[in-house]
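[1] can you look at this prediction? I've put the sequence above it.
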Amino acid sequence: MMEYREFVEELMAEIKDEIGLKAEFHEADEKMSQDSIWVYMSEDNSSFNIFRLFTVESYNQWIQRKITFQALVKEVKKSVENFDDMCVPDKLKKLKDYEQVKENLFIRLINFEKNKTELEKAFYKRNGDIALTLYMKIFDEDGMLTSLKVPLQCVERWDLENEDVFMAALKNTASMMPPKVYDMMRMLLNPGYDGEDIDAPDYIPFQNAMGNCLSTGQKTNGAVAIFYPGVARLFCDKINTDGLYLVFTSIHEVMVHNARMIEPEDLASVLNDTIKEATPEGDVLTKHIYYYNAETDQIEMLE
């Protein structure tokens, strides 16, 4: 039975032989949470696109005979073929012209520390340990969204104010993924329940300690909805408060609480337990509580 590092070297060799693309091993560090093989699907002077194969997970599956070398290589090859089929290189060329891509730009929330390396050349706005990151939609069909981080160098070429680019993309995101509030009990009892519209005149958020689960209609990467223009303020108006505590239980949703009804220390304890027990590592956004101040209309991380 091969040791872990032997497995990684052998797998990289097979990927290079079968696909002919550059592959590099990147060991986990303070910037990346997991070991991975990076397969470079395209690369130029300003950016690169990679497929990441997480090697510890792959090695464990291989040891348990749940997957073969051939299947792992096939997975990488299929991703490269999909990349080519979607004409990604041609779409990347359009990034030179803001007018050609502006309708496909959107914002996604990711953890800053875990993605520090990838963010070095990307366009993002940092809020505490959350990076509100600019992405371009490449392909969206049958519920499958393929996208990529927009390189900072491309944004600098557009000759636009960064804040204008960011706000336009945030409004695009709200159109692509409208905000929805979910009653957790109704979700459990009714699989067809599709949430509440925050701006519906008859919708009133909960004020008790349970809070309100805010996401989007897609329920994927939905925590960004709290940053949509006007959403946090609307919560405050509906429950007559001047502040909200925000608990990002994952990248997919955020629990919104009336700041008058609960203490942040209690929420921090709940968040810690939730992350340990229910949130996959890749879906963790932040371990901090955030606060929305209605007077300043700003969201800030609590230290």
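    Yes, it's here.

[2] what about the helices in this protein?
    4-19, 55-63, 69-85, 88-93, 98-101, 116-119, 152-157, 162-176, 184-189, 231-239, 264-277 (DSSP state H).

[3] can you put the ones you listed in a markdown table and add mean pLDDT?
    Below are these laid out as a markdown table (pLDDT from 0 to 100):
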| stretch | mean pLDDT |
| --- | --- |
| helix 4-19 | 89 |
| helix 55-63 | 87 |
| helix 69-85 | 77 |
| helix 88-93 | 62 |
| helix 98-101 | 91 |
| helix 116-119 | 88 |
| helix 152-157 | 91 |
| helix 162-176 | 96 |
| helix 184-189 | 82 |
| helix 231-239 | 96 |
| helix 264-277 | 95 |
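
[4] which one of those lies nearest to residue 36?
    Nearest to residue 36, of all those, is helix 55-63, at 6.0 Å by Cβ to Cβ. For every residue, glycine as well, the C-beta is placed using N, CA and C.

[5] buried set for that closest one?
    55, 58, 59, 62 (16 or more other Cβ atoms under 10 Å).

[6] cool, and stretch 3-23?
    7, 8, 11, 12, 14, 15, 19, 21, 23.

[7] check stretch 166-183 too.
    Buried-residue list, stretch 166-183, by 16+ other Cβ under 10 Å: 166, 169-170, 172-174, 176-183.

[8] same check on stretch 193-213?
    195, 196, 198, 205, 206, 207, 211, 212, 213.

[9] kindly report the same for stretch 283-293.
    So for stretch 283-293, counting by 16+ other Cβ under 10 Å, buried means 283, 284, 285, 286, 288, 289, 290, 292.

[10] export that stretch as PDB, just CAs?
    Provided in PDB are the C-alpha atoms of stretch 283-293 (Å, rounded to 0.1, in the frame of the first residue of the first chain):
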ATOM      1  CA  ASP A 283     -19.100  26.000   3.700                       C
ATOM      2  CA  VAL A 284     -17.800  27.800   6.800                       C
ATOM      3  CA  LEU A 285     -17.800  31.600   6.100                       C
ATOM      4  CA  THR A 286     -16.800  33.100   9.400                       C
ATOM      5  CA  LYS A 287     -16.700  32.300  13.100                       C
ATOM      6  CA  HIS A 288     -17.500  35.900  14.100                       C
ATOM      7  CA  ILE A 289     -20.800  37.600  14.900                       C
ATOM      8  CA  TYR A 290     -21.600  40.700  12.700                       C
ATOM      9  CA  TYR A 291     -23.700  43.700  13.600                       C
ATOM     10  CA  TYR A 292     -25.800  45.900  11.400                       C
ATOM     11  CA  ASN A 293     -26.200  49.500  12.500                       C
END
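
[11] how far does it sit from its chain's centre?
    The chain centre lies 14 Å from the centre of stretch 283-293; the measure is Cα atoms, centre = their mean, to the nearest Å.

[12] can you tell me the average pLDDT over it?
    Confidence for stretch 283-293, expressed as mean pLDDT, is 97.

[13] quick one: residue 27 and residue 35 touch, right?
    Yes: look at residue 27 against residue 35 with Cβ atoms under 8 Å: they come within range, at 5.5 Å.

[14] more neighbours: those two, which one.
    Neighbours were counted for residue 27 and for residue 35 using other Cβ atoms under 10 Å; residue 35 has more, 20 against 10.

[15] contacts only, for that one.
    Taking Cβ atoms under 8 Å, 6 or more residues apart in numbering, we find residue 35 in contact with 8, 25, 26, 27, 28, 54, 55, 56.

[16] pLDDT score assigned to it?
    87.

[17] what's the answer for residue 125, then?
    For residue 125, the pLDDT comes out at 97.

[18] how close does residue 37 sit to residue 73?
    Using Cβ to Cβ, to the nearest Å, residue 37 is found at 11 Å from residue 73.

[19] which residues do the two both contact?
    Common neighbours of residue 37 and residue 73 (Cβ under 8 Å, 6+ apart) are 11, 15.

[20] still on that earlier bit, rebuild the buried residues of stretch 166-183 as a markdown table, extending it with distance to residue 116.
    Shown next, in a markdown table, are the buried residues of stretch 166-183 (distance: Cβ to Cβ, whole Å):
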| residue | distance to residue 116 |
| --- | --- |
| 166 | 19 |
| 169 | 21 |
| 170 | 22 |
| 172 | 26 |
| 173 | 23 |
| 174 | 27 |
| 176 | 27 |
| 177 | 26 |
| 178 | 31 |
| 179 | 29 |
| 180 | 31 |
| 181 | 32 |
| 182 | 32 |
| 183 | 37 |
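
[21] I appreciate the help and will end here.
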